[in-house]
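**Student:** Got a sequence here, can you build the structure:
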Amino acid sequence: MSSRFGMAGGIPERRVRPIWDAVDSRQFKSALKLSTSLLSKYPNSPYAIALKALILERMGKVEEALSVCLTAKERLYSDKLVFIDDLTLSTLQIVFQRLGHLDFATSCYEYACGKFPNNVDLMMGLFNCYVREYSYVKQQQTAIKMYKTVVEERFLLWAVCSIQLQVSCGNGEEKLLLLAEGLLKKHVVSHSLHEPEALLVYISVLEQQAKYGAALELLSGKMGSLLVIEVDKLYIQGRLLARSCDYVAAAEIFKKVMEICPDDWENFLNFLGCLLEDDSRWCNGMLSDQIHRPRFVDCKLSHLADEVFDTRVSIASDFVETLQTNATSDSLRCPYLAKLEIERRKHLYGTGDTVNLKEALLKYFCRFGHLACFATDVEMFFQVLSPDERTQLLTKFIESCEPPHTAQLKVLGKSITIFKIRELIGTMFRLPVNKLERAVKFMAELYCQNLSLSKDLDPQENMPGEDLLSLASNVLVQLFWRTRLLGYLLEAVMVLEYGLTIRRYSWQYKVLLVHLYSHLSALPLAYEWYKTLEIKNIMLETVSHHILPQMLISPLWVDSSDILKDYLKFMDDHFKESADLTFLAYRHRNYSKAVEFVEFKERLQHSHQYWMARIEAPILQLKQKADNIDEEECVLENMNSGIQLIDYSSEERCKALTFNEDMQSRPWWTPSSDKNYLLGPFEEDSIKTRENLLQQQQTTEREVRARIIIQIRALVPRLIYLSIQSASSSLKETLEANDSIFDDNMSLKMKSLLECYARSLGLAFNDAVKEITSIANGQKSLEVSCSSIIDWMNFAVFVGAWKLSSREPSSPDGDSWRPGSLHIVDNFLKKFIIEKLKAMKPLTEFPGNDLLILVQMVTEPLAWHSLVIQSCIRASYPSGKRKKKSGPTTDLLTSPLFQAIQGSIESLRGTLEELTKFMQDQINASDDEILDKLFAPFQRKGCSEGPGQIIHILEDLASGSSEEEHGDRIARALHSWSSIDCLRKILVGQRKVLTEFELICESKLKLLQTLKLQM
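**Tutor:** Numbering: from 1, shown residues only. Here you go, the predicted model:
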């Protein structure tokens, strides 16, 4: 039943071609005219109708397109129709998919396949539909039908891949793999295999069942010749042998791979691991995580006898020496790194001598010390040395540096490496302040001396010595941490801005500036530099953590919304395109890629950052509309009253969360978004080496906390909705004797959610309520982190709203909560907001994130509390009228609840007025006076201590730069740079944040004034 020659959907192709040409050239009006003409001649043709639907969809006429498409579907189902081809169905599929009704397209294909059961083209279309729906069982069934119809290898492999996906991504049991193996085995007996990918799929099915012997037999048989790249075949063979614990044979295989590819570091680790009978690389999933590659190599050694260990290590050493001797290029690092790894294993086993390891490290430095990757290469080898040994080795590194006549680039590279090693081993954290100042001064001078090397480089090329400014900035940040002199932090910013003036493509500078400006509360500048990173595609998933957390709690709602929209758009587009890529992989017989695409999609769908964005996007909308309860309810209605987010709070679902953020690109002082060392006092013991930092960020504490935050935040929209209903109900109970609209069932549901919320806070519900009461009454204080304070404040608001209409018998705290629940919430909110406000200092003098915490206190708990008040007042008018006509009744005006509402309004007004006054004082402060104060440390020329020394060095370079020395581009850039402009930008950025926050507070004050007048 496929399309006949020269026909398209049963219509001559010459009549259809002009329509498609018009669509392809985006001349939709012309296409629609031609389509209407075609329909007049073929009124009953489903294809002609589908074409019109496609054109209408492209024109944005969604409802009309859907209606026309459904008409085509009905005609397709007509008994009179004797001709159905894939072209008609695929056109319908395109339109239904774009309209979000893929199930209709699937039903069309199911009908066609039922009517023409042996049509492979139609079955392939149906398979495609199931791929888009991720219906793995139906994929398998359809593929097997196709295989039985034409007995083609590809359809069998489609079925096998579908079975694998049922096991890895669906709910299928592992015994299904036996079915996949049986299908393949039967096919091999009768037809063998003819494609390399088919062999790889067969091996993967056996490997998933731990049938390594059978897989090896398959690989070494006739079908093994399908793999024409010898290295790939050897690697698979070695992996299978290692997993079957045949370490001797596996080591020999990996040895052959090393002889072919002597610079393959991963393969050397495989070779050494098998030689030492270490299964840690195969049993702990290290090789499966391609996003977070391990920085340190784990190993098991204690199970080997001393003699066996020594013999095996000797074999490895002899082989590495052979590799070094046979090395054909000076750029091969693996044979020399291999020597270091052998010495490290010997040391870990207890038979090694650190002298040998230090000698090997020194040789490696002499050979590769000029490379930018050197510090990363040797990071794990420094781990096994004591602090004194590290210092001694660093001294030898310095002594071994080449004399001045050596190539300047190599000398510069080794000098930079020395600084990186100092940072790596923690030397910088133990130096006194005066030595740190000398070190950073030397970095700046070295940068200036070598800037001429970049004279003829393209702006997009990496500059020699570029890392020096990053290193200098890190030291200046440390000096600020230790001395609390703001000048050092400002100088760190200016150093990076200086570097970006010369070359605007340095992503390292930009990332550091994003975090420095965030710490200085100059978020507009942080966001501007983040945008210049031009983060696209999958990097939105791995890099957005640099800016997203602080923006979500900032008053910059428009920018925050843009970040969320861009991120969610990419993710949603990827999920749509993933099915296309998967089916494309099937069609091109790249079966392993088909499975990989689906597994990657599953990982992204369980991404922590994706879930957080999905939750925070509607919460941001709720914050923006909180001053108008009617608009707030419209936002809640669009998210099904908050119900659609409840699933994210499931503890079982949260266990499946994946963490894809590249945390290693963050600065040392903020290894995660919820950790910032600069906010606390300097403690040398708490952070000595980068090694400690990396170990901290690898712990699961961050992930545990992230799961708790997801569970809490997912409850917020639903609790806001229920709080509004509860508040309204409480007034109706006061006004009327009949039952409340907030029935017992709703009250129980709200309490159930509050109990889940309390558990996430770490307490039982009643204990958490008592805690709030004690704190509100001044009987105790709450010792939690700033982010947890917001969670507690939100919880207090929701509990207060629930208590207004709860009919539960009085609990131990019941007398104090009802009817005075609003008063308790007022005290609780005011206590934390005023305490935080009193601790606030001018942003230009005391940087930190207290301002953003204040912003979040106002835009979340205080805003939610104002919604409760709005709901109460709206419900106080007769007949549910929302606009003031007759006003509340006399009885209501004298009721305790109404008086409590009046008290809440006055309490919130007083708090907001204090906040507004604080911000106005900062906004109205003299710019000139602030700039003079900030710039004072940088005007002391000739000083040998304190902030300003680095800027003077860089300014001298800028003033003395010439085209002959640095080239036209760099000279012009240096002449345009101004340190005072950097400070002025910071001031403007801080003022914008304060102004936006002031506008939010003023908007809420106007709301409260309106509510007061309504009462």
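**Student:** Going along the chain, name the strands of the protein.
**Tutor:** 7-8, 11-12 (DSSP state E).
**Student:** Check these for me: which has the lowest mean pLDDT.
**Tutor:** Among these, strand 7-8 carries the lowest mean pLDDT, at a mean of 60.
**Student:** wait, what's in contact with residue 633?
**Tutor:** residue 724 (Cβ atoms under 8 Å, 6 or more residues apart in numbering). C-beta: built from backbone N, CA, C; applies to glycine.
**Student:** next one: residue 827
**Tutor:** Shown in contact with residue 827 (Cβ under 8 Å, 6+ apart): 776-777, 907.
**Student:** which among these end up buried?
**Tutor:** Among those, those buried by neighbour count (16 or more other Cβ atoms under 10 Å) are 776, 907.
**Student:** the bottom helix or strand of this structure by mean pLDDT?
**Tutor:** Here the helix or strand of the chain ranked lowest by mean pLDDT, DSSP states H and E is helix 690-698, holding a mean of 46.
**Student:** which one of the contacts of residue 827 is nearest residue 281?
**Tutor:** The nearest member of the contacts of residue 827 to residue 281, counting by Cβ to Cβ, is residue 776 at 55.6 Å.
**Student:** my guess is that closest one meets residue 830, correct?
**Tutor:** No - using Cβ atoms under 8 Å, residue 776 makes no contact with residue 830, being 9.1 Å away.
**Student:** Report the set of residues contacting both of these two.
**Tutor:** Overlap of the contact sets of residue 776 and residue 830 (by Cβ under 8 Å, 6+ apart) is empty.
**Student:** Show residues contacting stretch 56-66.
**Tutor:** Residues contacting stretch 56-66 (Cβ under 8 Å, 6+ apart): 23, 26, 28-29, 32, 53-54, 68, 95, 98-99, 101.
**Student:** How much space separates residue 138 from residue 330?
**Tutor:** 57 Å (Cβ to Cβ, to the nearest Å).
**Student:** More neighbours: the two, which one.
**Tutor:** residue 138 (18 against 8; other Cβ atoms under 10 Å).
**Student:** Would you check how far apart the residue lying closest to that one once chain neighbours are set aside and residue 911 are?
**Tutor:** Spatial nearest neighbour of residue 138, excluding adjacent residues (Cβ to Cβ, 6 or more residues apart in numbering): residue 130 at 4.5 Å. With distances taken as Cβ to Cβ, residue 130 is found 57 Å from residue 911.
**Student:** low-scoring stretches of the stretch 1-150 of the chain, by residue?
**Tutor:** Applying pLDDT under 70 to the stretch 1-150 of the chain flags the ranges 1-9, 79-83.
**Student:** can you give me the helices in it?
**Tutor:** Ranges of helices within the stretch 1-150 of the chain are 13-24, 28-41, 46-58, 62-76, 86-98, 102-115, 120-133, 136-150, based on DSSP state H, counting those that start in this stretch.
**Student:** Now distance to residue 336 too, for the ones you listed, in TSV please.
**Tutor:** Formatted as TSV, those follow (distance: least, Cβ to Cβ, whole Å):
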stretch	distance to residue 336
helix 13-24	57
helix 28-41	64
helix 46-58	60
helix 62-76	63
helix 86-98	54
helix 102-115	55
helix 120-133	48
helix 136-150	47
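**Student:** Go through those and pick out the most buried.
**Tutor:** helix 46-58 (a mean of 25; mean count of other Cβ atoms under 10 Å).
**Student:** now the helices: where do they sit in the stretch 701-850 of the chain?
**Tutor:** 701-713, 716-735, 744-761, 765-776, 786-805, 814-817, 821-839, 850-857.
**Student:** so how far is residue 928 from residue 841?
**Tutor:** Residue 841 is 20 Å from residue 928, by Cβ to Cβ.
**Student:** Tell me which of these two has more neighbours.
**Tutor:** residue 841 (11 against 8).
**Student:** Which per-residue confidence value corresponds to that one?
**Tutor:** In the predicted model, residue 841 carries a pLDDT score of 86.
**Student:** same deal with the one 4 residues further on?
**Tutor:** The confidence metric pLDDT takes the value 81 at residue 845.
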